[in-house]
Each structure stands twice: as structure tokens, then as C-alpha cells.
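Engineer: need coordinates for the below:
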Amino acid sequence: MTDSKYFTTTKKGEIFELKAELNSDKKEKKKEAVKKVIASMTVGKDVSALFPDVVNCMQTDNLELKKLVYLYLMNYAKSQPDMAIMAVNTFVKDCEDPNPLIRALAVRTMGCIRVDKITEYLCEPLRKCLKDEDPYVRKTAAVCVAKLHDINAQLVEDQGFLDTLKDLISDSNPMVVANAVAALSEIAESHPSSNLLDLNPQSINKLLTALNECTEWGQIFILDCLANYTPKDDREAQSICERVTPRLSHANSAVVLSAVKVLMKFMEMLSKDLDYYGTLLKKLAPPLVTLLSAEPELQYVALRNINLIVQKRPEILKHEMKVFFVKYNDPIYVKLEKLDIMIRLASQANIAQVLAELKEYATEVDVDFVRKAVRAIGRCAIKVEQSAERCVSTLLDLIQTKVNYVVQEAIVVIKDIFRKYPNKYESVIATLCENLDSLDEPEARAAMIWIVGEYAERIDNADELLESFLEGFHDESTQVQLQLLTAIVKLFLKKPTETQELVQQVLSLATQDSDNPDLRDRGYIYWRLLSTDPVAAKEVVLAEKPLISEETDLIEPTLLDELICYIGTLASVYHKPPSAFVEGGRGVVHKSLPPRTASSESTESPETAPAGAPAGEQPDVIPTQGDLLGDLLNLDLGPPVSGPPLVTSSVQMGAVDLLGGGLDSLMGDEPEGIGDPSFGAPPAAAVPVRLGAPISSGLSDLFDLTSGVGTLSGSYVAPKAVWLPAMKAKGLEISGTFTRQVGSISMDLQLTNKALQVMTDFAIQFNRNSFGLAPAAPLQVHAPLSPNQTVEISLPLNTVGSVMKMEPLNNLQVAVKNNIDVFYFSTLYPLHILFVEDGKMDRQMFLATWKDIPNENEAQFQIRDCALNAEAVSTKLQSSNIFTIAKRNVEGQDMLYQSLKLTNGIWVLAELRIQPGNPSFMDLELSLKCRAPEVSQHVYQAYETILKN
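Structural biologist: The predicted structure follows:
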């Protein structure tokens, strides 16, 4: 009879009867009773009242009964912690039982009883089991350590269990090794900072040896652990790859994906010229193809992972296009994923095959799938230029079918084809116009309107077509309204005489009758442009449009590299890093691929390089300022700047009036747009002082030749420091310093290539900063930078960039891009590079300003042990544009009164008191007054730097 009888009891007073049976002398009756208790527990009845009676049954040699009692114990220990302590003695005894199965059972149950009171009693038995002679007990004990760590991490560390676990990695039994790795990985995940899995070539060798003899789950643990290791060079990477490759033929798909992850990661370090690299590419294709013959859910997971692999290394599956062809009985989620991969693999060699297949799909019954297939034809046209003509004729054939949703999708993609290949396929416009009446989806209507507006000069009745859309203007979606407004303005600029009424009608509809702010704003802009400057309107509205790129949905490279490290996990299915969906970020570590050590080729093979982009030519330089800011602030380059960005004019840097209106009006050369509260004209103040042309302050300066112009020797230049070490930039080392010579600021860079591949395509961009520092010219590296080569570059800077107050004030965050990646670093620039040449105030002005600035803005500093007298101090500071206005001797002390002006117009006034110390070293006292007190500390640092160097 089966165990179902235990679940069908109808007796009254059940608990009482069970109690009697549990205390019976007969072993069989006891066992039956425990089974009934477990059955009641399983269906949700509360049998916790029987706790002491069940625990008494632990004293038995019968393994089956012991297992049942332990099961009960695990379930009720949490609700009955005081009673659970009764079981401790039995655990301790069972851990010394001659039968290894009982020892392992005891240690496994101990790990599952999550009661704080009991944990410390379990340490001794666990310690013995970790060193047990039987590998089955050791492997169970290894997992128990991870469970115990989850309950009480401190206890595990104090008892030295972590060190014992590390020793188990060298165990002779592969299953023990696998469980030790699994336990350490689990613990390391919750403590990302601890270096528990301290992998070295010796331990890696042990793991690889154990790999061949483990169970499949043991293999997955070991492979995942290997994936976190970074080999010291390409030879070690190749050796690991060779030993992992046999796992690709495993029957378990999880083992295959874990092996693929390790190989994809270590391939980064292999040179593409190696024969082995080519062999590895060939070996990776068959297992991935085999995964596609599993059931649909597994296929989907495999396809999501293949999608990532194809984006990183399209050459792996470039000959396997056929396996991604859709089968009639595939579920829709598999079909859509296969379609996506087909387009990624499309190239000149296989495009005919792909197009024939896509045309077939476009006649299917599944509407979503048909739409995606039609879009795919358009994406192929954009990706493979040679196929564009064939794609357009395929799309025209589909339009002739007159199936509504097919026609609408075709029009949307033809619009993109026109953008990619201007003046090539416009002959099809007539056919498109015939289908105007059947369009009912906003995206298709907007695409058709764009085509009519863009090619209005080729369509005789363009005005009638657009007018037909105007009749229901207010019922259209925003997308269509915006497109219609732009299209009619384009039409008006091309045929002004015939369409004047039409344009007035659409402008009044958009501005007076619409409550959508986007539409109103665009309407007003067009209205003003057309009424004030039709020529400018033509240049703006009919401007040359940039070509669209072929792969718009590629995953951003750094994210792709991170996702490759997560192949075979949820992250690779969601295509999001774990931090995006793991609650509470329990030790989520950002992973990245190891730096490439060998070849300088890009990840694309020649066959799959996108059409239209010549090799070595990168379309875009660096992410836009917004992206860059996001990226920079994600890095630990200093605390992120909070608060709204400040107005970009020279009255920046917080609420303080840095220019000090009083001071500037006294100066008499008030910059335009600052005194004027209306700010009507664009602020001229954002333009820097003309280099080398000081603004004179009157005739008296004609004879004061030193006023206003720094000496030609230039200001103090700090020695070059390493700003970006090669370790953090895949082999690129950047050192640099800042200089100011005769009014112009430059960043002197030294780039060293410490990688094994050539570096090209350099570019640089600054984040917004306190003084608007920005490159005045592109970063010019005239020849490719070969391995071990160093190049010196002087990058001219200006101060007209975007402004945002940084912490500290002189922090500069920089992004440098080359053919390998984009790298970020931050550096502090010395403030004296911003001291301008016309920073000398006249005496009356100095006195008036000193009195005018409140006393709380005065800051006091000391410069000790300066080996210069007053004359030398004055000369040295003047070479860095700190000008001495007057000099006095009071009671044997020299007093220097000085002024300087920053590039954004801030004046700083100084009183320098020189205490005569011993003849060779003087102490200086510096008082600084400024309307923006936050700059004082940095000005003092500049003083100290200049005088002590």
C-alpha cells in the first residue's frame, strides 16, 4: 500500500492518539506515527504540540525514522526554539555516528535549523564534519557553513570556518571541491568586499581537475567561479579555455552556457591571429545551435544569450543563419527572438536567403510577427547597402497585397530607407500616396506625412494631400500633429505662393486652438522664424539631415561586456545588469571583461562590419555631454553634484555675486548683459578676456609696462602626474599638467600605450566644471599609438564651456576615448592657470574695494619657511599674474598689497605680510578678500605652490 493512507485519517482526538503512538514501545508503530505527523504537517495542520514526543524518537538507528524526525524538527524549530535545544545532544551524537549517511544527515539538518540559540552548540560538530574522513560528510558540511554564515556571519568568521572552507578547495574529492566553491561563492556574494575566493594559478588548476569528475551542478559552480578569475596573461587564458572546452558537449544546457561564459570572457585576452582563436570560434557554434533543439522555454533562454553573443562576436554564428529560420509551430516569443538574431547576422553573403525568408514571414497569420518581419526587411536594407534595392522592391510587393497592417509597417520602414539613402528610391512615392486613405495608425500616418513634406517638390498635389490630414487635426495623436505642422512649413518654404493660406491655418491650429505645450511651442518657433527671417527658417527647417545608422538597438558596449559576464543567468535573459532588478542590491558587483592583451582588431569581423562605415572610422566620438555627465557621476570621482545646474554666464558658481556688481561698475568696463537686468542679448560675459590684449585702465598705464601683461616666462608649471594609470584604462596611461603662457591655457598630456595593441581614434571631453574649462580644439594624435610608444600633446583650453559648481571647486572630470573604450578620470587643476593678465587694479580702486567687501569674507592663511625676500616674492608672483599694487614697511615687516582676477571676472585682493625669520626662511601671513569666499582656499594653495617651487 502507498503512503497516501497517512493523509486520510478521520479519527477524533487525533493529536492525543498520535501522542500515544509516538510513545509506543514498538518501532513499527513509532514509525507509522511519525509518518502520520509529517503527513498532517504537510497538509498544514498544526502538530507543534507533539514536539517533545517526536524529538524523543530521534534516539533510533533506523535511518528512515531519523530522516522523518529531522524533517519535523526543521519545520518547527523556529516556532519552538526552547524545545529545539533538547535536540542538540542528539545532533552532537549523530555527528559521531559510524554511519556517514547519519553524520551527513545531522550536519545538513543543523544548517537548516535557523535558531540563534542553537547555532553556537553546532560549531563543534560542524568543525568535526568539515574534517571528516568521508567525502559525502565533508561536502554536506561545506554547504552547512554557507547556511550558518547566513544566520550568523560573525560566528562563522570567529570560528575559522572560512579558512577550513578554503582548504576544502584543495580536497581530493571533486564533489567536496564543488560544494566548497559553491559555499564560498555564496558567502562572497553577500560580502563583495571580502576576498574569499582568492584564486591563483594553483587553485585554478585544482578546480579544473575537479571539473571533469563533478556532477553537473558541481560543474556549474566551478565554471561560474572560473568566470570570476582574471588570468595573468593570454597563455594562461588559452590553457584554461582548452580545459573548459570539453564542457561544451555536456547534456545539461546550464553547464554549456556556463562554459560559453568562461570562454567568451577569456577570449578577450587571446590574440585574433592565434590559430587557437579560430578553432575556439568554430567550437562555440555547434553547442549553441544544439541548444535550439530543446523545448521552447529553453530555446528562448538560449536565444536571449545568443543575442548577446552575436552582438559581441558575430563571427561565431555567421555561417549558422539557417538554424534561426522560424518554424511554423514556434511560440511567438521564440519567433520574435529568432527574427532579431537573423537581422544581426545578416550580411552581404546571406542577404538573399534572409530576404526570401522574411518575405515568407510577412504573409503569416500572426499580426505581431508579420509587423516585426516587415520592419526586419527595412532593417536589412539599412544594414546591407547592396540589398537595399531588393528590399525596397520586396516592400513594394507587400504594399500591393493591400493588407492594412502590412502596408502601414512598410511605409514606416520606407521612411527610414529614404533617410539612409537620399535621392535613390524616391520613385516609389507615387505608390505610397495611393495608400494614403488606408492609414489609421499614428506612426504610419506620421511617416507618410514626413515623406510628403520632405519630398513636396516632387509631389504635384502635396498641398491637397496635407490639407486632407488637416481636416481632423485635433483628433490626430500628438506625433501626427507635430509631423503635420513641420511638413506644411516645409511645403510652404518650397512653394510659398501656393500654400500661404495652408501654413497660416496650421500655425493658428497649433498655437491658438491647441492645449499641447510641445505643439504650441513648435508652432510659435516656426511662426517667429517665418515672420522675422525666412532665409534662416529655410536653413533650419530644410537643413541637411544626418544619415541614420544601421544598428540602433545594439546594447551599449560597456553594458554588453557586463552582460557577457552574466551569460546563463537572469541578467542575460532580461538584458539588464543584476543591479537593475535585484532588490536591496545584496552585494551586486559590477563585472567587466578582462582587458584585451593581444590584438587591436575591433570585435567585428570584416564580413559583418556595417556597410557604409569604413574600417577604422567611428561615426560618433564620445557620448553627448548629458550621457557623459551621467557616466562620470556614476563613477567614484568625488561626490555627485546635487542641485540644479547654474546659469551659464559669467555670474556662475552659486548664489554669490562673484563679479561683485559694485566692483565692476567702478572698473568702468562692465561686461555687456550683466548690468542690464533684462538679459535681452545673449550674455557677452561668457566670452573670455581677449588673450594677450589686456584691458588698460587709463593713460597712466601706458608707462607702467608691467601692468596688465604677465612676463613672457609664463606662470609656474607643476611637474606631470599620472592621472589615469594603465591598469584602469586597458593599457592606456595618461600623465599631464596644466600651463598658462601669455594668456592661453593648455593641458600638456603624455599618452603611453602599455597594451599589446595599437591605439587610434583619440578624442577628449570634459564634464561641466566650476570655471567652464573646455578643450579649444580636438585631441590631435597624428599617428596610431603603437605598443610601448609615448606621445606628448599640448591641448589648448578655453573657459567658455558649460559651468557647474564642483566639489572641490577645482575638480575637473575628463573622458578620453580611443578605439578600445571610453575611460574616465578626474584631476584637480591649479587655480593660478585662471589668473588673467589684466588683473592689476589701480590703488584707489583697490582701497575702495577692500573697504567695500565685508570683513566676514576675509580669510587668513600662513605660508611657512619661504626662502624669498619681498622683492623676489613680488617678482615670482607677478609671473603668475598676481600683481603687487603697493608695498610698505611697517615696524620692520614688509607689506605687499596685491590683486588678481580670474577668467570669470572674480577679483581677489590680498595683503601679504612678510615676517623676517631667520635670514634664509621667512614666514608669510596672507589675508585674502573676495566676494566669493569659496575661492580663497584655492587662491592660498596657488600662492603656496608658486612661492615654494
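Engineer: low-confidence regions, the stretch 151-300 of the chain specifically.
Structural biologist: The model of the stretch 151-300 of the chain has pLDDT under 70 over residues 192-195.
Engineer: where does residue 183 sit relative to residue 86, distance-wise?
Structural biologist: Remark: distance between residue 183 and residue 86 (CB to CB, to the nearest Å) = 29 Å. No exception for glycine: its C-beta is placed from N, CA and C like everyone else's.
Engineer: name the residues of stretch 156-170 that come out as buried.
Structural biologist: Neighbour-count burial for stretch 156-170 flags 156, 159, 161-162, 164-165, 168-169 (criterion: 16 or more other CB atoms under 10 Å).
Engineer: cool, stretch 438-447 as well?
Structural biologist: For stretch 438-447, burial by neighbour count (16+ other CB under 10 Å) applies to 439, 441-447.
Engineer: what's the weakest-modelled helix or strand in the protein?
Structural biologist: helix 661-667 (a mean of 34; mean pLDDT, DSSP states H and E).
Engineer: what packs against the helix or strand in which residue 792 is found?
Structural biologist: Residue 792 belongs to strand 790-798 when elements are defined using DSSP states H and E. If you count contacts as 3 or more CB pairs under 8 Å, 6 or more residues apart in numbering; DSSP states H and E, strand 790-798 packs onto strand 744-753, strand 774-775.
Engineer: what about residue 183 and residue 86, which has more around it?
Structural biologist: residue 183 (26 against 15; other CB atoms under 10 Å).
Engineer: what sits against the closest residue to that one other than its chain neighbours?
Structural biologist: Distances taken as CB to CB, 6 or more residues apart in numbering place residue 146 nearest to residue 183, at 3.9 Å, with adjacent residues excluded. Remark: with contacts taken as CB atoms under 8 Å, 6 or more residues apart in numbering, residue 146 is in contact with 182-184, 186-187.
Engineer: where does the prediction get shaky in this protein?
Structural biologist: For the chain, applying pLDDT under 70 flags the ranges 1-13, 192-195, 550-552, 584-589, 596-714, 916-921.
Engineer: longest strand in it, please.
Structural biologist: If each strand of the chain is counted by residues according to DSSP state E, the longest one is strand 907-918.
Engineer: kindly export that one (C-alpha atoms) in PDB.
Structural biologist: In PDB, the C-alpha atoms belonging to strand 907-918 read as follows (Å, rounded to 0.1, in the frame of the first residue of the first chain):
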ATOM      1  CA  TRP A 907      38.600  89.800  -8.300                       C
ATOM      2  CA  VAL A 908      40.700  88.600  -5.300                       C
ATOM      3  CA  LEU A 909      42.500  91.200  -3.200                       C
ATOM      4  CA  ALA A 910      45.500  90.200  -1.000                       C
ATOM      5  CA  GLU A 911      47.600  91.600   1.800                       C
ATOM      6  CA  LEU A 912      50.900  89.700   2.200                       C
ATOM      7  CA  ARG A 913      52.900  90.300   5.400                       C
ATOM      8  CA  ILE A 914      56.500  89.100   5.300                       C
ATOM      9  CA  GLN A 915      57.800  88.300   8.800                       C
ATOM     10  CA  PRO A 916      61.600  88.400   8.800                       C
ATOM     11  CA  GLY A 917      62.500  85.000  10.400                       C
ATOM     12  CA  ASN A 918      66.000  83.600  10.100                       C
END
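Engineer: same for that strand, what does it pack against?
Structural biologist: Contacts defined by 3+ CB pairs under 8 Å, 6+ apart place strand 907-918 against helix 843-852, helix 870-878, strand 893-901, strand 921-930, helix 936-948.
Engineer: neighbours around residue 904, how many?
Structural biologist: Counted with other CB under 10 Å, residue 904 comes out at 25.
Engineer: could you report the separation of it from residue 859?
Structural biologist: With CB to CB as the criterion, residue 904 and residue 859 are 19 Å apart.
Engineer: gap between residue 333 and residue 267?
Structural biologist: In terms of CB to CB, residue 333 sits 29 Å off from residue 267.
Engineer: more neighbours: which of those two?
Structural biologist: Each of residue 333 and residue 267 has its neighbours counted (other CB under 10 Å); residue 267 has more, 24 against 14.
Engineer: backbone phi and psi for that one, please?
Structural biologist: phi -60, psi -30 (degrees, to the nearest 10).
Engineer: the residue nearest to it when sequence neighbours are not counted in helix, strand or coil?
Structural biologist: Distance criterion CB to CB, 6+ apart; nearest residue to residue 267, sequence neighbours excluded, is residue 280 at 6.4 Å. The local conformation at residue 280, judged by DSSP: H, G, I helix; E, B strand; the rest coil, is helix.
Engineer: for residue 209, list the residues it contacts.
Structural biologist: Contacts of residue 209 by CB under 8 Å, 6+ apart are residue 174.
Engineer: could you measure from it over to residue 844?
Structural biologist: From residue 209 across to residue 844, the span is 87 Å (CB to CB).
Engineer: likewise for residue 296?
Structural biologist: Residue 296 is 87 Å from residue 844, by CB to CB.
Engineer: so if I had to pick from the two, which one is more boxed in?
Structural biologist: The neighbour count for residue 296 versus residue 844, taken as other CB under 10 Å, is higher for residue 296 (12 against 9).
Engineer: does the more buried one touch residue 332 like I think?
Structural biologist: No. Contact criterion CB atoms under 8 Å: residue 296 and residue 332 do not qualify, at 10.1 Å.
Engineer: out of the contacts of residue 146, which one sits closest to residue 471?
Structural biologist: residue 186 (66.4 Å; CB to CB).
Engineer: which element is residue 558 on?
Structural biologist: Going by DSSP H and E, residue 558 is in helix 557-564.
Engineer: so which elements touch that helix?
Structural biologist: By 3+ CB pairs under 8 Å, 6+ apart, helix 557-564 packs against helix 253-267, helix 296-312.
Engineer: how about the last one: buried residues?
Structural biologist: By neighbour count on 16+ other CB under 10 Å, the buried set for helix 296-312 is 299-312.
Engineer: just the strands in the protein please.
Structural biologist: 721-724, 732-741, 744-753, 763-766, 774-775, 790-798, 811-817, 822-828, 858-866, 883-890, 893-901, 907-918, 921-930.
Engineer: select, out of those strands, the one closest to residue 409.
Structural biologist: Nearest to residue 409 among the strands of the chain is strand 822-828 (35.6 Å), distances taken as CB to CB.
Engineer: quickly note the distance from residue 878 to residue 75.
Structural biologist: From residue 878 to residue 75 the distance is 85 Å (CB to CB).
Engineer: OK, contacts around the nearest residue to residue 487 once chain neighbours are set aside?
Structural biologist: The shortest distance from residue 487 to any non-neighbouring residue, by CB to CB, 6+ apart, is to residue 453 (2.6 Å). Residue 453 makes contact with 462, 466, 483, 486-488, 490-491, according to CB under 8 Å, 6+ apart.
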